[in-house]
Structure formats: C-alpha cells, structure tokens
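**Student:** Predicted structure and sequence below. I'll ask about it afterward.
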Amino acid sequence: MRLHLIRHPRTEAAADVCYGSSDVAPLQAELDACLRALLADAALPRGLPIYSSPLQRCASLARRLAESWGAAAPVLDERLAEMHFGAWELRPWGEIPRREVDDWAADMAGYRPGRGETVLEMARRVLAFRDDVAVRGEDACVICHAGTIRLLMAANGRGDLRDVALAAARAPAGIGYGQLVVLQVASGAG
C-alpha cells in the first residue's frame, strides 16, 4: 500500500511563528499553485481516497483536489493534525523562553512544549490513523503537516513507538510546502 503524503500550502502565519495545531489559513495564491502542481504531477494517481487533517490549511487543499478529480469528499481525521504546542501556539519562536526549548531538546519524545502535546502522543494518534488505513490495503492520498509526514516516514522499519517519536523529532524539517512524499506501507501495518 502506498500513502501519497502531501504537505499543506504555505500559510498566512509569519515564517517565525509557532502555529502547530492552530487553524491558520493557507495563502490563496499558494493554495492555487499547489493544486495546479499536484494535478500535473504524474506521481500522484488520480481518484485515490483522500484523507486530510481537519485544519483549514490542509482541508481546503483536500476539498479542491477531490473536486478536481471528481472524487468523493475527503475524510477529515483529527489524528492527522499537527502537534499541539500549547502556550507556544501563535508565538514567535524567538519569544519562547530558551529554557523551555532546551528542556524539549533534552526530552524530544516526552516533553510537552507549552504544556501541549508530546511527540510520543502525536506519534500514537498518527500511527493509529496509518494502521486503520493499512487494514483497507488501498493506496491513499493524505494531506497533512510536516510533523505528521515525519512521523509516518520514521515509522517505516521501526516498531517501538518511542523510537519512532525520537526519529521523527530529530529528522530535518526538509519537507516543503505542497511537497508530495510517496511512502510504501505494509498492509495491516501495526
């Protein structure tokens, strides 16, 4: 089974802001450009079932892609949302106390940034989504976030949830806006 993972378009949030699970809108021009690029991408088969984070930066692209394909409406799944950064949400990264950032760096899997969600908790929900989709054994299109994509990529070949969370947290942030990543997943992955 292949998951065609697509990161959402660039958002209205400033580049230096931690927006995590905040529901920020995509930039309209970026949304339009992303849709055009995906429709022209031969690596993305048309008509796949579409799953999406419910956050508007993902859901708006998912809806437009489904309409363009003449496919069923996307399934919006909370488990695909980006990590919740608690009190860090919508704050410039430079305003987050250095001690808190250092505490997170010391415990990447278990620390609660801004008293929000841990990477381990996010991994648990993201992999539950993957396992549910894998049971169906069908290729799918998943429109989500860089953190979600890193977790799904880190899970391939790793069994221990903590190892997955740590690998994803330590992975470089090199997933571009609108980027398509095709991931081969074993059917019944769990």
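**Tutor:** Looks like it came in fine. Numbers count the residues shown, from 1 in each chain.
**Student:** ok, for the residue most central in space within the chain, nearest residue in space, not its chain neighbours?
**Tutor:** The chain has His145 as the residue nearest its centroid, 2.4 Å off, counting by CA atoms, centre = their mean. Of all residues not flanking His145 in the chain, Glu82 sits nearest, at 3.9 Å (CB to CB, 6 or more residues apart in numbering). Any C-beta I mention is one placed from the backbone N, CA and C, and that applies to glycine too.
**Student:** cool, Val185 as well?
**Tutor:** Setting aside the residues directly before and after it, Val185 is nearest to Met1 in space (CB to CB, 6+ apart), at 5.1 Å.
**Student:** The one you found contacts Asn156, doesn't it?
**Tutor:** No. Because the distance of 11.8 Å does not satisfy CB atoms under 8 Å, Met1 is recorded as not touching Asn156.
**Student:** Which residues are in contact with each of those two?
**Tutor:** Gln184, Val185 (CB atoms under 8 Å, 6 or more residues apart in numbering).
**Student:** Would you check that Ala81 makes contact with Ser21?
**Tutor:** Yes. Counting by CB under 8 Å, Ser21 is a contact partner of Ala81 at 5.2 Å.
**Student:** Let me see the confidence value for the nearest residue to Asn156 once chain neighbours are set aside.
**Tutor:** On the basis of CB to CB, 6+ apart, the spatially nearest residue to Asn156 that is not a chain neighbour turns out to be Leu183, at 6.6 Å. In this prediction, Leu183 carries a pLDDT score of 96.
**Student:** looking at this, Leu183 is in a helix?
**Tutor:** No. Counting by DSSP: H, G, I helix; E, B strand; the rest coil, Leu183 is located in no helix; its state is strand.
**Student:** give the contact list for it.
**Tutor:** With CB under 8 Å, 6+ apart as the criterion, the residues that contact Leu183 are Arg2, Leu3, Leu5, Leu152, Met153, Asn156.
**Student:** residues touching Trp93, list them.
**Tutor:** Contact criterion CB under 8 Å, 6+ apart gives Asp16, Val17, Cys18 as the residues in contact with Trp93.
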